[in-house]
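# just to be clear, the model below is a prediction. Sequence and coordinates:
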Amino acid sequence: MSRRRPARRSSRRSRGRRQRKNQYLEQLLFAALVAVVVIGLVMTVLRWLAAHPWIVAAVLLAGAAGAGAWVWRRREAARWEQVRASGLRYALGQLDALHHRAFEFAVRDLMRRDGCLDARQVGGRGDNGADVKATDPFGRRWIIQCKHRKAGWSGKPVGTPDLHVLNGTGRQIHGGDVLVMLTNGRITANAADFAKSQSLHLVDRHLLAEWAGGSQPLWDHLRALPPAGRREPS
């Protein structure tokens, strides 16, 4: 009995191999049949299209019309976005209610309203003192650091240490021409003196209200700006 068991095991292994081989052949035959059917359908469609060339022309015209409509919708959306941005206004209450990150995006949108088409929000971890970057129509690159205060004027004032960061990175790292500290709160007198000595520009709550709620660009509210440059938008 012990001598016959290996023979039975060998027989079972051989039957398993035959079954797997048969399954593999069945799969190959099925794949070949599918390929023949697909090729046949493709050839039938091609022959039919060759006999009806106007169908091909109609499909191409429909595709071109669809692409043209898509381009037109994109252009219209961009045009309406410009119209919306040109009338963008923020009241101080709206800005106070924003999350500090949303506040940065609001500043970005206001810069775009003013004509800085490349304005973008860059604030976050490792931002090196820049929350919004933009290039104005005169070629000057703006680096804006935003300080949002939930309590507005009653919140913590922006002090000289905050300006040290902007002053240390705005030109050297970000290549800015106009460095701005912007807040919906207040700025200390010492910080104002330091900003003046370092050619930094300050936008406190009062100036922010004029800019965000009006229609004049930010550079019309500031003094002693550098002359127009030729810098290309980044």
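Nice, I can see it. Please read all numbers here as calculations on a predicted model, not as lab measurements. Numbers count the residues shown, from 1 in each chain.
# check the secondary structure at K133 for me.
strand (DSSP: H, G, I helix; E, B strand; the rest coil).
# residues in contact with it?
D118, A119, R120, V122, R141, W142, I143, I144, H174, G176, S234 (Cβ atoms under 8 Å, 6 or more residues apart in numbering). The C-beta positions use only the backbone N, C-alpha and C, and glycine is treated the same way.
# what lies in contact with stretch 51-65?
For stretch 51-65, the surrounding residues in contact (Cβ under 8 Å, 6+ apart) are L49.
# could you dump it to CSV, C-alpha only?
The C-alpha trace of stretch 51-65 is given here as CSV (Å, rounded to 0.1, in the frame of the first residue of the first chain):
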residue,chain,number,x,y,z
ALA,A,51,-19.1,54.7,-48.1
HIS,A,52,-20.6,57.6,-46.2
PRO,A,53,-17.8,60.3,-46.0
TRP,A,54,-20.3,63.0,-45.1
ILE,A,55,-20.6,61.3,-41.7
VAL,A,56,-16.9,61.8,-41.1
ALA,A,57,-17.2,65.4,-42.1
ALA,A,58,-20.2,65.9,-39.8
VAL,A,59,-18.3,64.4,-36.8
LEU,A,60,-15.3,66.5,-37.5
LEU,A,61,-17.4,69.7,-37.7
ALA,A,62,-19.2,68.7,-34.5
GLY,A,63,-15.9,68.2,-32.8
ALA,A,64,-14.6,71.6,-34.0
ALA,A,65,-17.8,73.3,-32.9
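# where does the protein have its least confident helix or strand?
Ranked by mean pLDDT, DSSP states H and E, the weakest helix or strand in the chain is helix 53-86, scoring a mean of 75.
# select only the buried ones of the contacts of K133 in ChimeraX?
In ChimeraX, a selection of the buried entries from those looks like this (16 or more other Cβ atoms under 10 Å):
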select :119,141,142,143,144,174,176
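# closest one of the contacts of K133 to L92?
Using Cβ to Cβ, I144 comes nearest to L92 of the contacts of K133, at 17.7 Å.
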